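Undergrad: need coordinates for the following:
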Amino acid sequence: MSSPLRRTSAPHYLPLPAAQSMSAGGSGGRKAWGEGAAGGGPFGSGKWTAWARRKRWALGALGLLGLLGWGWSGRDSFPFPLTSSSTPPCDPYSTYGRLHVNPSVREDNYWVPYHPACQPPRLMRAFIRAAHNRGEKDGEGWEDVEWARGRTVLVLGDSVGREAVGYFCELLGEESVLITDTHPLCVGPTCETTAHRQAARNVPSPPPSSASETPPQPQNTATYSRHVKRANRDASLPHVCYIPGMDFTIVQIFHFGMDEEDFFKDKDQYNPPGLYESRLSTLAQPMLRLLADPALSHAVPGVPRPRGAHPDLVEVSSALWDLARWAKIDIYTLEQSTIIDLDADRANWFRRRVGEVLNATEQAFPDSQLVWRTSHYPSDQNAKIDWFMGWNWETPDAHRPFFHQNRLFQLDHAARSAIRPDPYVYSRPASTERVRINEWGTMMLGQHAHLRDQLHPALLPGGWLWAETMLFELRRAVRLRGEGARRGRWT
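TA: Numbering: from 1, shown residues only. The predicted structure follows:
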């Protein structure tokens, strides 16, 4: 099956040349080569045959030793180069390791690869230090994070991504601002004034005829967001996290999974539009254009300084809403268990949709590095459908989990196969990857003891680990762009 993402790069492996390729004579090539050597070469036919046989044996033995040596060394090293002219020395978050957890000390939560030469950089603590302009030294080496100054990250996902962005702001002493229908950064069909819609289309707004048409001007965005009464639908509204000390912005746009039918339109949490591609064009792109408007940033305190309309990094994720949709269908329509494996039609549909949404995201932001974030695994015993959907059940037997691990595992591999369609490749980074894979969800496997509630990971280790992996991907993207590497290898 062809990949939904199309590439022009060469496959990871090539077939070994057949013996016939040594000559143009097809199956008779080997005989003709031997006869030619015997007739005019320095060796007679008998000596040539014996010498050729010994040579073939020697080459075969060397090849076997080489394969054995590669396989043995692969136990203690990466199957990909540790050094490259266009990439960081290694990719620590894409190789085998373990998660070190300390729920009491934020900096003491990190991924520990088994390869000693490929340890992840401690970017988050350096980022916090730089954002607060702290120049003190403690004797340890600090990572240089000046590359992060003035950058923009776009996060397209569910409530797990929303909470990760909130954690990032919290760790920096800031607040993730809820973009309500009356906020100056509001875009989309729910905004209350025509001024918002004109700004979203990047069309200058005429001067308001009365004060009532002027968007509210808060003293600061933190106070403004706290005065907004939080409702169910607020959970799917956009959020903006701005770190003034680094002029760093994260824009979080909520979506309802890969659904193509507006399946959740009757849910209280729903905000239109429902289709991922429509939310991309109606919410994400217009908001980034607003952030690039100098007039808005000067008029509204706390709004990020003007920046480009294309983010430096775009993170996409999907799984939980997709499983929620199938669970509801299984219970009410098909009357079957929610823990049976997904059939081939569902898995292939999800795989197709991952390719489609990533292609749409690439078309919307062709200059941005794309990252697919893997999903974590909520506890099967706690993530119940009544909690997620707000349903009440009279009998305990009706409580069935939405996010059973077998289904999450199937979606994870379906997404990987859409992004990296080469056979036998599970997670191998490359310098020309158009879409990277953030293994945050995989690294969080088994961390049920560190959930904030029945679904969302807690700040430690989940929030801190997400910040580290996000900054790592952003640094890689900035460095590649600085080196002039072309990431448009996909057609």
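
Undergrad: just the CA coordinates of stretch 245-252, formatted as CSV?
TA: C-alpha atoms of stretch 245-252 as CSV (Å, rounded to 0.1, in the frame of the first residue of the first chain):
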residue,chain,number,x,y,z
GLY,A,245,11.9,37.0,28.5
MET,A,246,12.6,35.0,25.3
ASP,A,247,10.0,36.5,23.0
PHE,A,248,8.8,32.9,22.6
THR,A,249,5.3,31.9,21.6
ILE,A,250,3.3,28.7,21.6
VAL,A,251,-0.1,28.7,19.9
GLN,A,252,-2.3,25.8,20.8
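
Undergrad: quick one: mean pLDDT over that stretch.
TA: For stretch 245-252, the mean pLDDT works out to 96.

Undergrad: ditto for stretch 335-348
TA: Average pLDDT, stretch 335-348: 92.

Undergrad: can you give me the buried ones in that stretch?
TA: Neighbour counts over stretch 335-348 (16 or more other CB atoms under 10 Å) mark 338-339, 342, 346-347 as buried. Every C-beta, even on glycine, is put in place using the N, C-alpha and C of the backbone.

Undergrad: need these in a markdown table (columns: distance to H310 and secondary structure).
TA: Formatted as a markdown table, the buried residues of stretch 335-348 follow (distance: CB to CB, whole Å; DSSP: H, G, I helix; E, B strand; the rest coil):
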| residue | distance to H310 | secondary structure |
| --- | --- | --- |
| T338 | 40 | coil |
| I339 | 42 | coil |
| L342 | 35 | coil |
| R346 | 34 | helix |
| A347 | 33 | helix |
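
Undergrad: quick check, nearest of these to F403?
TA: Set against F403, the nearest of those by CB to CB is T338 (9.1 Å).

Undergrad: and the closest one, how far from I329?
TA: 10 Å (CB to CB, to the nearest Å).

Undergrad: with G257 instead?
TA: Counting by CB to CB, the separation of G257 from I329 is 13 Å.

Undergrad: okay, these two: which has more neighbours?
TA: Legend: neighbour count by other CB atoms under 10 Å for G257 and I329, higher for G257 (24 against 14).

Undergrad: ok, now which ones touch that one?
TA: Neighbouring residues of G257 by CB atoms under 8 Å, 6 or more residues apart in numbering: 158, 276, 318-322, 324-325.

Undergrad: for it, give me phi and psi.
TA: Here is the backbone geometry of G257 (degrees, to the nearest 10): phi 80, psi -160.

Undergrad: now it: how far from L156?
TA: Applying CB to CB, the value for G257 to L156 is 11 Å.

Undergrad: where do the contact lists of those two overlap?
TA: Common neighbours of G257 and L156 (CB under 8 Å, 6+ apart) are Y276.

Undergrad: in this protein, which helix or strand is least confident?
TA: Within the chain, no helix or strand scores below helix 221-226, which has a mean of 32 by mean pLDDT, DSSP states H and E.

Undergrad: show me the shaky parts of the stretch 51-200 of the chain.
TA: By pLDDT under 70, the low-scoring segments of the stretch 51-200 of the chain are 51-89, 134-140, 193-200.

Undergrad: repeat the analysis, applying 90 as the threshold.
TA: Within the stretch 51-200 of the chain, the segments meeting pLDDT under 90 span 51-90, 133-141, 188, 190, 192-200.

Undergrad: that one: helices as residue ranges?
TA: Secondary structure of the stretch 51-200 of the chain by DSSP state H, counting those that start in this stretch: the helices cover 123-131, 159-171, 194-200.

Undergrad: now these as TSV including distance to T361?
TA: Formatted as TSV, these follow (distance: least, CB to CB, whole Å):
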stretch	distance to T361
helix 123-131	24
helix 159-171	14
helix 194-200	19
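
Undergrad: mind putting those helices into JSON lines with mean neighbour count and distance to G150?
TA: Listed next are the helices of the stretch 51-200 of the chain as JSON lines, based on neighbours: other CB atoms under 10 Å; distance: least, CB to CB, whole Å:
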{"stretch": "helix 123-131", "mean neighbour count": "21", "distance to G150": "12"}
{"stretch": "helix 159-171", "mean neighbour count": "22", "distance to G150": "17"}
{"stretch": "helix 194-200", "mean neighbour count": "18", "distance to G150": "22"}
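
Undergrad: right, and those - which one's nearest G482?
TA: Distance to G482, taken as CB to CB, is lowest for helix 123-131 among the helices of the stretch 51-200 of the chain, at 16.6 Å.

Undergrad: got the contact list for the closest one?
TA: 107, 142-146, 148-149, 171-172, 243-246, 248, 464, 467-468, 471-472, 475.

Undergrad: of these, buried ones?
TA: Buried members of those, counted by 16+ other CB under 10 Å: 143, 145, 148, 171-172, 243, 245-246, 248, 464, 467-468, 471-472, 475.

Undergrad: from these, which two are the most distant?
TA: Among the buried ones among the contacts of helix 123-131, G245 and F472 lie farthest apart (CB to CB), at 20.1 Å.

Undergrad: in strands, which of the contacts of helix 123-131 fall?
TA: 243, 248 (DSSP state E).

Undergrad: which parts of the chain are strands?
TA: Applying DSSP E to the chain gives strands spanning 97-100, 110-113, 152-157, 177-178, 239-243, 248-254, 313-316, 369-373, 435-438.

Undergrad: which residues touch the closest residue to Q285 other than its chain neighbours?
TA: Sequence neighbours aside, A364 is the residue nearest to Q285 in space, at 5.7 Å (criterion: CB to CB, 6 or more residues apart in numbering). Under the criterion of CB under 8 Å, 6+ apart, the neighbours of A364 are 280-281, 284-285.

Undergrad: who wins for most neighbours among those residues?
TA: A284 (26 neighbours).

Undergrad: distance check, that residue against R373.
TA: From A284 to R373 the distance is 16 Å (CB to CB).

Undergrad: could you do H183 as well?
TA: Counting by CB to CB, the gap from H183 to R373 is 26 Å.

Undergrad: got it, and K267?
TA: 23 Å.

Undergrad: looking at the two, which one has more neighbours?
TA: Higher neighbour count among K267 and R373: R373, with 27 against 15, using other CB under 10 Å.

Undergrad: what bridges to the more buried one?
TA: For R373, the beta-bridge partners are N438 (DSSP bridges).

Undergrad: show me what contacts it?
TA: Contact analysis of R373 by CB under 8 Å, 6+ apart lists 157, 161, 315-317, 438, 440-441.

Undergrad: ditto for A309
TA: Shown in contact with A309 (CB under 8 Å, 6+ apart): 285, 288-289, 291-292.

Undergrad: would TSV of those with pLDDT and distance to R307 be doable?
TA: Shown next, in TSV, are the contacts of A309 (pLDDT from 0 to 100; distance: CB to CB, whole Å):
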residue	pLDDT	distance to R307
Q285	97	14
L288	95	8
R289	94	11
L291	91	6
A292	90	6
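
Undergrad: out of those residues, flag the one nearest to F402.
TA: Ranked by distance to F402 (CB to CB), these are led by Q285 at 30.8 Å.
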